[in-house]
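Student: got a predicted structure here, sequence first:
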Amino acid sequence: MISVLHFSNTLVRGGAEQHMLTLLRGLDRSRFRPHLVCTPEVAEKIGPDLPSDVELLPLRLRKPSDVGAARALGQLLRARRVDVLHSHLFYGSLFASPVGKLCGVPLVVETPHVRERWRHGLKSRFVVDRLAGRFVDQYIAVSEANRRYLIEEKGLPPQKIVVIHNGCNVRRFTPHHQEPAGLRQSLGFGNDDPVLVVIGRLEPQKGHRVLLEALPAVRREFPAVRVVFVGEGALRAELEHQVAGSGLAHVVRFVGQQSNIVDWFALADVTVLPSFYEGLPLAAIEALAAGRPIVATAVDGTPEVVVDGATGLTVPPGDPTELARAVCRLLGDPSLGEKLALAGRDWVLERFAEDRQVRRTEALYQLGLARRGHLVDPRPELTAGGHR
């Protein structure tokens, strides 16, 4: 039995945590024994969705002075005889991967998830990343764009990087799902009001403010348009203030984090993803699996899901004029939206199903362990640096 421990030190639940859940739910229990170490904040949010056989260990390890937490992680790794330490996001790997190597964990894996557009100055030179990378045996890039970023900008060794696209339970979504009775009315929307739905954390990365800047132009063509922001985050109060100051309080609704995400997709005439950067956005995969038309920014791995003119429409990031134009195009041509959405559903069913992600990750674990003399019978689905 291969003991796998996933590690995260984020403080909010987002796409990386959903990625972990997909793996923790899907790993073959006849071969893998899963554990999760994360901050108490995320443990509280993610705990109810974890399978009952996944050991959840809350731990805060976010700064060099957290020596006690680092020691506790080391003790866990030894006590559980962990074979694979899999950290998520660079900041998590920065603290966990060295501990893993010092404790003799056979295979240390990092999934960086996103392009770190927030970096400036010395941090943008990635010196620390390359130093910390000496403790990492294998990187998982969630998109081809993510792989290029890790090689061309971070300067990480190409032979350590394998692309495994994010996946989700695409069969959970269907174009035929109906919005719950009374949902539209509970939001104060009319039966015929066109609705834009944005699903994502209320953080600068996700670009909600750009959609708010685009909204007046959309309303000139579609005065009855309404917007729903699904998600929580640090910008909620600021965005609510922006909405109130723009006289849009009757147009925009903030509904917080929602578990019944299928219902909110069913409400949408158009879904919008105005991000400034992404890895490979699960929200886009889910929107297309639900058969909803989408407008997204052409950043990082997003065009691998939302193919402009084929599965949706893409626009430059931070451009409210182009965003408004694309949204109006879909609202004004429902047949185009339906055509793109149906093609998009076929696209994601073929390429972004969670089973594909899980099986390829299992193969990576086994191949990595086999190369280090800790496992025979490596699976053939992956080769280091490969793209299959």
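Tutor: It's in. These numbers were taken from a predicted model, which means no experiment stands behind them.
Student: can you spell out which helices and strands pack onto the helix or strand bottoming out on mean pLDDT in the chain?
Tutor: Across the helices and strands of the chain, the lowest-confidence element by mean pLDDT, DSSP states H and E is helix 127-132, at a mean of 88. When contacts are defined as 3 or more C-beta pairs under 8 Å, 6 or more residues apart in numbering; DSSP states H and E, helix 127-132 packs onto helix 90-102. The way it works is simple: take the backbone N, C-alpha and C, and place the C-beta from them, glycine included.
Student: tell me the contacts of residue 184?
Tutor: Shown here is residue 184, whose contacts under the criterion C-beta atoms under 8 Å, 6 or more residues apart in numbering are 190, 191, 193, 195, 267.
Student: on that earlier part again, what sits up against the least confident helix or strand of the chain?
Tutor: Applying C-beta under 8 Å, 6+ apart, the external contacts of helix 127-132 come out as 90, 93, 94, 97, 98, 154, 155, 156.
Student: ranking the residues you listed by neighbours, who comes first?
Tutor: Within the contacts of helix 127-132, neighbour counts (other C-beta atoms under 10 Å) peak at residue 93, which reaches 28 neighbours.
Student: does it touch residue 110 like I think?
Tutor: Yes: with contacts defined as C-beta atoms under 8 Å, residue 93 counts as touching residue 110 at a distance of 4.0 Å.
Student: who touches both of these two?
Tutor: The contact lists of residue 93 and residue 110 share 87, 136, where a contact means C-beta under 8 Å, 6+ apart.
Student: picking up where we left off before, mind putting the contacts of residue 184 into CSV with distance to residue 135 and secondary structure?
Tutor: As requested, the contacts of residue 184 are arranged in CSV below (distance: C-beta to C-beta, whole Å; DSSP: H, G, I helix; E, B strand; the rest coil):
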residue, distance to residue 135, secondary structure
190, 57, coil
191, 57, coil
193, 53, coil
195, 47, strand
267, 45, helix
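Student: number of nearby residues for residue 368?
Tutor: Other residues near residue 368 number 23, with proximity taken as other C-beta under 10 Å.
Student: ok, and it, which helix or strand is that part of?
Tutor: Residue 368 is part of helix 354-371, with elements assigned from DSSP states H and E.
Student: show me what that helix is packed against.
Tutor: Helices and strands in packing contact with helix 354-371 are listed as strand 2-7, helix 15-26, strand 84-88, strand 107-111, strand 138-141; criterion 3+ C-beta pairs under 8 Å, 6+ apart.
Student: among the ones you listed, which is nearest residue 59?
Tutor: Of all the helices and strands packed on helix 354-371, it is strand 2-7 that lies closest to residue 59, at 8.5 Å by C-beta to C-beta.
Student: sorry, back to before: redo the contacts of helix 127-132 as JSON lines? Include distance to residue 365 and pLDDT.
Tutor: Below are these laid out as JSON lines (distance: C-beta to C-beta, whole Å; pLDDT from 0 to 100):
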{"residue": "90", "distance to residue 365": "20", "pLDDT": "93"}
{"residue": "93", "distance to residue 365": "16", "pLDDT": "95"}
{"residue": "94", "distance to residue 365": "21", "pLDDT": "95"}
{"residue": "97", "distance to residue 365": "16", "pLDDT": "97"}
{"residue": "98", "distance to residue 365": "20", "pLDDT": "97"}
{"residue": "154", "distance to residue 365": "23", "pLDDT": "92"}
{"residue": "155", "distance to residue 365": "25", "pLDDT": "93"}
{"residue": "156", "distance to residue 365": "19", "pLDDT": "95"}
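Student: quick one: low-confidence ranges for the stretch 151-300 of the chain?
Tutor: Filtered on pLDDT under 70, the stretch 151-300 of the chain yields no residues whatsoever.
Student: could you pull out the helices for it?
Tutor: When secondary structure is read from DSSP state H, counting those that start in this stretch, the stretch 151-300 of the chain shows helices at 183-186, 208-221, 236-245, 261-267, 282-289.
Student: could you export the first one as PDB, CA atoms only?
Tutor: The C-alpha trace of helix 183-186 is given here as PDB (Å, rounded to 0.1, in the frame of the first residue of the first chain):
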ATOM      1  CA  LEU A 183     -34.400  30.800  -7.100                       C
ATOM      2  CA  ARG A 184     -34.700  33.600  -9.600                       C
ATOM      3  CA  GLN A 185     -37.400  35.200  -7.600                       C
ATOM      4  CA  SER A 186     -35.500  35.000  -4.300                       C
END
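Student: residues contacting residue 150?
Tutor: Residue 150 makes contact with 112, 139, 141, 156, 161 under the criterion C-beta under 8 Å, 6+ apart.
Student: what's near enough to touch the residue lying closest to it once chain neighbours are set aside?
Tutor: In space, and not counting its chain neighbours, residue 150 is closest to residue 156: 4.8 Å by C-beta to C-beta, 6 or more residues apart in numbering. For residue 156, the set of contacting residues under the criterion of C-beta under 8 Å, 6+ apart consists of 129, 130, 133, 139, 150.
Student: got the domain ranges for the chain?
Tutor: By the record's domain assignment, the chain is partitioned as 2-167+353-371, 170-351 (automatic domain parsing).
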